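Colleague: The following comprises the amino acid sequence and a computationally predicted model.
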Amino acid sequence: MTATIDALAAIVGAPHVLVHDLDAYANDWRKKYRGRPLAVVKPGSTEEVAAVVRLCHATGTAIVPQAGNTGLVGGGVPDASGAQVVVNVSRMNRVLAVDTTNNTMTVEAGCILQHLQETAAAHGRLFPLSLAAEGSCEIGGNISTNAGGVQVLRYGNTRELVLGLEVVLPSGEVWNGLKGLRKDNTGYDLKHLFIGAEGTLGIVTRAVVKLFPAPAATQTAFIGLGSAAGALRLLDHMKGALGERITAFELISAFSMNVLERFNPALRSPLAAPHAWYVLTDLADSRDALALAADVEAALGGALEAGIIDDVVLAKNEGEARRLWDLRETLPEAQIVDGRNIKHDVSIPISAIADFIAAVDAALEAAYPGVRPVNFGHVGDGNLHYNVTRPAAGYTEEAWMADESARVNRIVHDCVHRFNGSISAEHGLGQLKRDEIRRYKSETELGVMRAIKAALDPKGIMNPGKVI
Ligand code: FAD
Ligand code: ZN
């Protein structure tokens, strides 16, 4: 063990091999998984990553790739064996090039997402990936989880934002696929194997990502309406009237708003009356601000007249827009007012979302009378955060989480499967859903995944125990 640590120190320098005070690297963000690494290694370059991986390959030492450690499924933390090496890429945090003609940016894996957004803005461009963890998650982690967030409707997932990758393979070889090409039909598109692989196929060290024109104008609206089906009608109506300019379309249930207000009384709906459902939507235009405002008012005015929505407020300035988004972004932490709940991050074809919500609500209510679903999400992408809080009476928080999680997951995930959905729209499988996924993917699909894993990582050293 000490021989391995000494050899790692010889590669990256002793100050960059950590063996004490490892909590920030050993435990996940939700403190659900608490591991014990042999060491945490922080390489400063691709060459150092490759040398570390070659050493681990030679000694059969398991590697856990890690970036910002904000992942929610235990994918980026080691097990408790004390034998796994965490390779944390946070020191590799340089933007290497910005090409405003090709509209691309070449970056190292440890760049914090917010830094990339700011760098793009400084060049009059937009890097559209945006999620609540953006102040600490890093692009290597975003790529490895194929992160989503609030602008997927307009710009796509991380997968759609990556043009090229550099990856250190489990053998220690470096694959340089750092091309900024929008067209390349020369066989298998390898980068897509590593995007969303959660660190099981190699360590992403650099990437070429896409940039877009910076929006010249934005509009934010908060809308009250009577049903989830109404939200889908509204989305259709807005797509017809406003087209590509819709960048975010978030659904929030009445109970989620109630949770928010109890968490912090300042976080209230800005609408005069309560509604069964709310939609928070953002629009952006790279040209004319006045035209955007007029089109949004006309579209939402039309939705009011047609009875699709019951009420709406438009943010008059950036501060008001910020306060509306605070409602949505505080929701994940606000749920704690009723104790911990059982979380699901699912996707359903958009057209089936309202029926799915009705079906899963009914199935849970039948099993647990008085159960309280906290339901919100990126409904413009068919992605719901469907979280299940225990009934007001009958269960302690501990009993709910420890004894009922498996049954609640089964009810929700079976319902997702019936609607031809996915049990993970954003967060991935990691350790949390590694076993659960075997119920929903075919043996054929799992077999192909295992074959790819075995081809790239025959010794099984790269993030073992995650995904498959
Ligand atoms: P880590 O947590 O460090 O790692 C995540 C996974 O990627 C692990 O399996 C790890 O082994 C692997 N990995 C990390 N770096 C590399 C690398 N260089 N090479 C290979 N594998 C690597 N996610 C969304 O998709 N949408 C959201 O809206 C969203 N909101 C969030 C809000 C909050 C408050 C929090 C805490 C998390 C949220 N997440 C969301 C989840 C999380 O932020 C994302 O999964 C993010 O992309 C993880 O990035 P990271 O740098 O923290 O990665
Ligand atoms: Zn989300």
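Modeller: In hand now; what should we look at? All of these numbers come straight from a predicted model, not from anything done at the bench. Ligands and ions are numbered 1, 2, ... in the order given.
Colleague: Just the local confidence number for Leu290, please.
Modeller: If you check Leu290, the pLDDT there is 84.
Colleague: Name the helix or strand for it, please.
Modeller: helix 289-305 (DSSP states H and E).
Colleague: And Leu163, how close does it get to His20?
Modeller: 40 Å (C-beta to C-beta, to the nearest Å). For every residue, glycine as well, the C-beta is placed using N, CA and C.
Colleague: who's more crowded, those two?
Modeller: Taking neighbours as other C-beta atoms under 10 Å, Leu163 and His20 compare with Leu163 leading, 22 against 6.
Colleague: For the more buried one, give me phi and psi.
Modeller: Reported as degrees, to the nearest 10, the phi and psi values for Leu163 are phi -100, psi -30.
Colleague: Tell me the bridge partners for the nearest residue to it once chain neighbours are set aside.
Modeller: Excluding its sequence neighbours, the residue lying closest to Leu163 (C-beta to C-beta, 6 or more residues apart in numbering) is Val208, at 4.6 Å. Here Val208 sits in beta bridges with Thr106, Gly164, going by DSSP bridges.
Colleague: you'd agree Val208 is up against Glu108?
Modeller: No. Counting by C-beta atoms under 8 Å, Glu108 is not a contact partner of Val208; they are 11.5 Å apart.
Colleague: Can I get the helix or strand harbouring Pro65 in PDB, CA atoms only?
Modeller: Secondary structure assignment for Pro65, by DSSP H and E: strand 63-66. What follows is strand 63-66, C-alpha atoms only, in PDB (Å, rounded to 0.1, in the frame of the first residue of the first chain):
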ATOM      1  CA  ILE A  63      -9.600   3.900  -9.600                       C
ATOM      2  CA  VAL A  64     -12.500   6.200  -8.900                       C
ATOM      3  CA  PRO A  65     -12.600   9.200 -11.200                       C
ATOM      4  CA  GLN A  66     -13.900  12.300  -9.500                       C
END
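Colleague: follow-up on the earlier one: now do the helix holding Leu290: which elements does it pack against?
Modeller: Packing contacts for helix 289-305, counted by 3 or more C-beta pairs under 8 Å, 6 or more residues apart in numbering; DSSP states H and E, involve strand 217-225, helix 228-242, strand 277-285, strand 311-314.
Colleague: in the third one, what counts as buried?
Modeller: Pointing back at strand 277-285 there. Neighbour-count burial for strand 277-285 flags 277-285 (criterion: 16 or more other C-beta atoms under 10 Å).
Colleague: what's the answer for the shortest one, then?
Modeller: When burial is assessed from 16+ other C-beta under 10 Å, strand 311-314 yields the following buried residues: 311-314.
Colleague: can you give me the helices for the stretch 1-150 of the chain?
Modeller: 2-12, 23-26, 46-59, 113-122, 139-144 (DSSP state H, counting those that start in this stretch).
Colleague: Against Val89, how distant is the closest residue to ligand 1 within the chain?
Modeller: Taking C-beta to the nearest ligand atom, ligand 1 has its nearest neighbour within the chain at Gly141, 2.1 Å off. Applying C-beta to C-beta, the value for Gly141 to Val89 is 8 Å.
Colleague: Quickly list what's touching both of the two.
Modeller: 66-67 (C-beta atoms under 8 Å, 6 or more residues apart in numbering).
Colleague: give me the number of residues near the residue nearest to Asp311 when sequence neighbours are not counted?
Modeller: Spatial nearest neighbour of Asp311, excluding adjacent residues (C-beta to C-beta, 6+ apart): Gly224 at 4.3 Å. Residues contacting Gly224 under the criterion other C-beta under 10 Å number 23.
Colleague: ok, the residue most central in space within the chain - contacts?
Modeller: With distances taken as C-alpha atoms, centre = their mean, Ala147 lies nearest the centre of the chain, 3.8 Å away. By C-beta under 8 Å, 6+ apart, the contact list for Ala147 reads 129, 131, 137, 141, 157-158, 426.
Colleague: Show me what the longest helix along the chain is packed against.
Modeller: What stands out as the longest helix in the chain, according to DSSP state H, is helix 397-418. With contacts defined as 3+ C-beta pairs under 8 Å, 6+ apart, the packing partners of helix 397-418 are strand 345-347, helix 353-367, strand 383-389.
Colleague: 6 Å instead?
Modeller: Using 3 or more C-beta pairs under 6 Å, 6 or more residues apart in numbering; DSSP states H and E, the elements in contact with helix 397-418 are helix 353-367.
Colleague: Compute the inter-axis angle for the helix it packs on and helix 228-242.
Modeller: With axes from the mean of the first three to the mean of the last three C-alpha atoms, to 10 degrees as the basis, helix 353-367 and helix 228-242 are set at 160 degrees to each other.
Colleague: what does the average pLDDT come to for helix 353-367?
Modeller: Averaged across helix 353-367, pLDDT comes to 97.
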